[in-house]
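**Q** Coordinates for the following, if possible.
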Amino acid sequence: MGNKESRWNDYNVEYAKDHEKKNPHDYWEFKAIFDLYEPKPTDKILEIGCNTGEFCNLLKERYNNKIYGIDINNDAIKMAIDKYPNLNFQNKDIFELKERYDIIYMQHVIEHLKEPEKALIKLRKDNLNCGGKLIITCPNKWAYFLKVYAWRKKTKFCYDPTHVTEFSPLTLSKLIKNAGYKKLKMFTKPLGFPFSYLISPDLYYSLPSWVFGGHIFLLCQI
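**A** All right, here's what the predicted structure looks like:
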């Protein structure tokens, strides 16, 4: 999203498949997002960075809203249209958006933006209805437990070369305030103690994370 620079070439079929959710009904991050806010059936919804469309389809199944999805990865959009032909997907940039919505979801998008504050101001002024809600998720800069574990195991964790900025709960809160939003709810998860996952995945995702969980979940409103 943002200006279409050469780095968007990194968003291709392989990238789309790598981020495709095989079991969206059981995906822990989608469940955490619904803990932030339950949409009303009358809400008009946009997902920015919809990738291959699993979350849009889940919203349609659960709440029967008017759902729209955009992504700068044209290969991902083609896959989404093929998988869910009854939904509305477009290869589009944030700054090309014209219509207004009641809820906008941005899952793992904000960390990719070169000018995140400018993008959020644009959405507030041009694309959210009065009282509209913005839901953001992103990796947590303060996820020290997961970072150390990933370093020791030589695993990727959740960062990739297309990320521009790391956010903590503090810096993300400042960003949305500067962009003119009111923070309604924020939490992080999972904390990332690997032994707890071996005992029970439910335990792993339910342990209190405070500000150190792997991902930030934020609900804000204009």
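**Q** For the rest of this, base every contact and every neighbour count on C-alpha atoms.
**A** Noted.
**Q** May I have stretch 197-210 exported as CSV, CA atoms only?
**A** Taking Å, rounded to 0.1, in the frame of the first residue of the first chain, the C-alpha atoms of stretch 197-210 are listed here in CSV:
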residue,chain,number,x,y,z
TYR,A,197,2.4,-24.6,23.4
LEU,A,198,3.7,-28.2,24.0
ILE,A,199,1.3,-28.5,26.9
SER,A,200,-1.7,-27.0,25.1
PRO,A,201,-2.1,-24.5,22.2
ASP,A,202,-5.1,-23.0,24.0
LEU,A,203,-2.8,-22.3,27.0
TYR,A,204,-0.2,-20.8,24.7
TYR,A,205,-2.6,-18.3,23.2
SER,A,206,-4.5,-17.5,26.5
LEU,A,207,-1.5,-16.7,28.7
PRO,A,208,-1.5,-12.9,29.7
SER,A,209,0.9,-11.1,27.4
TRP,A,210,0.6,-7.5,28.7
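**Q** And for that stretch, what's in contact with it?
**A** The contact list for stretch 197-210 (CA atoms under 8 Å, 6 or more residues apart in numbering) reads Trp28, Phe187, Thr188, Lys189, Pro190, Leu191, Gly192, Phe193, Pro194, Ser196.
**Q** Recalculate using a threshold of 6 Å.
**A** Contact partners of stretch 197-210, identified using CA atoms under 6 Å, 6 or more residues apart in numbering, comprise Thr188, Lys189, Pro190, Leu191, Ser196.
**Q** And the helix or strand containing the first one, what does it pack against?
**A** Put plainly, it is Thr188. Using DSSP states H and E, Thr188 maps to strand 182-189. Secondary-structure packing of strand 182-189 (3 or more CA pairs under 6 Å, 6 or more residues apart in numbering; DSSP states H and E): strand 215-221.
**Q** For Phe195, see how far away Glu115 is.
**A** Distance, Glu115 to Phe195, by CA to CA, to the nearest Å: 38 Å.
**Q** What of Lys183?
**A** Distance from Lys183 to Phe195, by CA to CA: 33 Å.
**Q** next one: Ala16
**A** Distance from Ala16 to Phe195, by CA to CA: 30 Å.
**Q** likewise Thr188?
**A** With CA to CA as the criterion, Thr188 and Phe195 are 19 Å apart.
**Q** what about those two, which has more around it?
**A** Thr188 (24 against 10; other CA atoms under 10 Å).
**Q** which residues touch the more buried one?
**A** Ser209, Gly213, His215, Ile216, Phe217 are the contacts of Thr188 under CA under 6 Å, 6+ apart.
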